[in-house]
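Asks: One predicted model, sequence on top.
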Amino acid sequence: MGTYRCFKCGKRVDMDLRYERVRCPFCGYKILVKMRAPTVKTLKAR
Ligand SMILES: [Zn+2]
């Protein structure tokens, strides 16, 4: 699962991009830009 943003309409798209054939569900554009996860740091407790 990942968060992406449509390069054309700019809407946020949450989907699993394991497959190469991906389209924006809103406008049908084929280029999605991966967004960084909102500041979440993983720290290991010792
Ligand atoms: Zn779009």
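Replies: Right, received. Where do you want to start? Please read all numbers here as calculations on a predicted model, not as lab measurements. Numbers count the residues shown, from 1 in each chain.
Asks: what about the closest residue to Leu32 other than its chain neighbours, how many neighbours?
Replies: Nearest non-adjacent residue to Leu32, counting by CB to CB, 6 or more residues apart in numbering: Tyr4, 4.0 Å away. Any C-beta I mention is one placed from the backbone N, CA and C, and that applies to glycine too. Tyr4 is flanked by 18 other residues according to other CB atoms under 10 Å.
Asks: How about Arg46?
Replies: 3.
Asks: that older thread, how about the residue nearest to Leu32, secondary structure?
Replies: At Tyr4 the chain is in strand, as set by DSSP: H, G, I helix; E, B strand; the rest coil.
Asks: tell me the contacts of it?
Replies: The neighbours of Tyr4, taking CB atoms under 8 Å, 6 or more residues apart in numbering as the test, are Arg12, Val13, Asp14, Met15, Leu17, Leu32, Val33, Lys34, Met35.
Asks: What residues are recorded as beta-bridge partners of Cys6?
Replies: Assessed by DSSP bridges, Cys6 has beta-bridge partners Leu32.
Asks: my read: it touches Lys30, true?
Replies: No. In this structure, Cys6 is not within contact of Lys30 by CB atoms under 8 Å, at 9.4 Å.
Asks: Common neighbours of the two, please.
Replies: Cys24.
Asks: Which one's more surrounded, these two?
Replies: A count of neighbours by other CB under 10 Å puts Cys6 above the other of Cys6 and Lys30, at 20 against 12.
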